[in-house]
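*Asks:* Whatever this is, show me its structure:
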Amino acid sequence: MLFDARNIHESPAHPKNEALIDTETLNYVDKKVRRRQRRLLGAQAALLTLTTAISAYWIDVEDNQERQASSEAVVSVHEAPLDPENDSSAIVFFNGFGTYDADSIADTFGPGLKQTIDGESWSISYGNAPLNSARLAEKIELMAEERNIDTIDIVGYSAGGVIGIDTAAELSDNPNLTIRSITTVSTPDGIDGLRPHQRKELEFADTLGSIPGAKYSTAVRFAGEVYFMRDRYDSGNPVERIHDFGKTALFASENLQRPKFPGTWLLVDQALAIAEADIASNLELIRENYKTTKPNPTLMYIGTAEPGRDYMVNNEQSSQNICTYARANAMPCSIHDVPGAIHTMPEKTPEEYTQTFIAAADDLTTGIESAQLRYSSDTFYSQTNRSFRTQLNQAVPLED
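*Replies:* Numbers count the residues shown, from 1 in each chain. Now for the predicted structure:
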């Protein structure tokens with residue numbers, strides 16, 4: 001048989017070529033399978049990481065919820081009166097946003113204030129418990145009963161002024177206690193009494209309450225702390241900023257380890273106290289409860305003056321508003337400013353606060369005396385009017 005070259009081209013594929021094709025196909029399939037396996041392993045690892053993170057998040061949230069549930073607000077005697085004879089009155093101090101207790105402001109404001117309204121100094125410790133003015137009032141009432149206190153002076157710093165007035169309104173229906181004065185120091189008249197930038201920060205803190213569990217998350221609190229301290233790392237070249245950011249993060253982390261550091265839940269409560277403040281209504285309630293029974297309290301607003309500036313609270317607006325509410329409710333009110341005061345660090349200017357409180361003594365004393373005089377006059381008029389009506393009815397009996 002003769003060899004026909006055409007048969008080569010018409011014959012089936014060479015076995016060697018078939019083997020090459022099969023190997024390429026297998027390699028392609030194998031690579032595809034391995035890629036799919038890698039993706040699956042990556043997805044499993046990501047899912048495991050996410051699950052672990054979520055689990056850690058909720059464990060932390062539950063731990064902090066338990067911490068809140070076991071916490072209790074406390075009223076403690078911080079200092080004795082200057083004069084032992086003034087042991088029937090107490091000055092109750094409330095600190096502001098981001099604070100745990102009022103020890104520091106009692107030390108800063110007490111020396112000046114007690115020269116006018118002497119008495120025991122009491123410090124309110126929020127104790128990471130839910131912020132509840134009615135409960136704080138109960139604590140004050142129990143302490144007053146135990147220590148035979150019948151006169152209370154309220155002093156609130158920043159948001160503590162809002163909380164203090166809320167608590168004063170709760171106390172105003174207690175027949176055994178008289179609120180003699182209310183002093184607010186750099187206190188905002190609600191959210192509108194803040195500077196524009198701080199309104200945004202308050203809204204940020206308030207937003208935490210709407211995120212599931214975030215109110216109790218240490219990680220969220222850490223992020224918030226770093227955010228609120230951004231002025232520490234927002235200037236300089238990139239290297240300096242990274243360095244300053246690291247220092248700030250370390251500082252925030254150390255803060256979170258402190259036993260008396262307020263939980264995020266307390267911060268949210270304090271932010272809500274400012275956002276929901278209604279100082280006018282609270283002062284009106286006090287006036288109604290004191291009507292014909294006690295002298296109205298005297299108010300005093302302490303702000304800042306040059307070379308200081310309150311970059312958080314609009315002192316000018318808030319002081320005018322609060323005093324307007326007070327005077328509308330027949331409560332004397334005066335405004336005084338502390339030179340060089342710094343909102344976040346009142347302890348930096350203790351001498352200036354002392355001198356301001358001493359300078360304000362005449363206004364505070366005059367206000368208390370005028371409130372007492374007004375009460376005595378109203379009481380005398382009311383009693384005289386009742387007596388006159390009784391005599392008139394007896395002289396001219398009403399016809400049946």
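*Asks:* Which parts of the stretch 101-250 of the chain are helices?
*Replies:* Secondary structure of the stretch 101-250 of the chain (DSSP state H, counting those that start in this stretch): helices at 103-113, 133-146, 159-171, 196-208, 218-228, 238-256.
*Asks:* tell me the most buried of the ones you listed?
*Replies:* Of all those, helix 159-171 has the most neighbours on average by mean count of other C-beta atoms under 10 Å, namely a mean of 27. (Each C-beta comes from the backbone N, C-alpha and C, glycine too.)
*Asks:* And it, what does it pack against?
*Replies:* Applying 3 or more C-beta pairs under 8 Å, 6 or more residues apart in numbering; DSSP states H and E, we find helix 159-171 packed against strand 89-94, helix 133-146, strand 151-157, strand 178-185, helix 264-275, helix 279-290.
*Asks:* Which among these is found nearest to residue 302?
*Replies:* With C-beta to C-beta as the criterion, residue 302 lies closest to strand 178-185 of the helices and strands packed on helix 159-171, at 4.3 Å.
*Asks:* in its sheet, what does the closest one sit against?
*Replies:* Under the criterion DSSP bridges, strand 178-185 sits next to strand 151-157 (parallel), strand 298-305 (parallel) in its sheet.
*Asks:* Out of the helices and strands packed on helix 159-171, which is closest to residue 222?
*Replies:* helix 264-275 (9.5 Å).
*Asks:* how about the closest one as CSV, C-alpha atoms only?
*Replies:* Coordinates of the C-alpha atoms in helix 264-275 are reproduced here as CSV (Å, rounded to 0.1, in the frame of the first residue of the first chain):
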residue,chain,number,x,y,z
THR,A,264,-20.4,56.2,77.9
TRP,A,265,-23.9,55.6,79.2
LEU,A,266,-23.4,58.4,81.8
LEU,A,267,-22.0,60.7,79.1
VAL,A,268,-25.1,60.1,77.0
ASP,A,269,-27.3,60.8,80.0
GLN,A,270,-25.4,64.0,80.7
ALA,A,271,-25.7,65.1,77.0
LEU,A,272,-29.4,64.4,77.1
ALA,A,273,-29.7,66.5,80.3
ILE,A,274,-28.4,69.5,78.3
ALA,A,275,-30.4,68.7,75.2
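*Asks:* for that helix, the distance to its chain's centre please.
*Replies:* Relative to its parent chain, helix 264-275 has a centroid offset of 4 Å by C-alpha atoms, centre = their mean, to the nearest Å.
*Asks:* From the centroid of this structure, which residue is nearest?
*Replies:* Centre of the chain computed as the mean C-alpha position; nearest residue by C-alpha atoms, centre = their mean is residue 270, 2.5 Å away.
*Asks:* so that residue makes contact with residue 133?
*Replies:* No - with the criterion set as C-beta atoms under 8 Å, residue 270 and residue 133 do not qualify as a contacting pair; they are 12.0 Å apart.
*Asks:* shared neighbours, these two?
*Replies:* Among the neighbours of residue 270, those also in contact with residue 133 (C-beta atoms under 8 Å, 6 or more residues apart in numbering) are residue 163.
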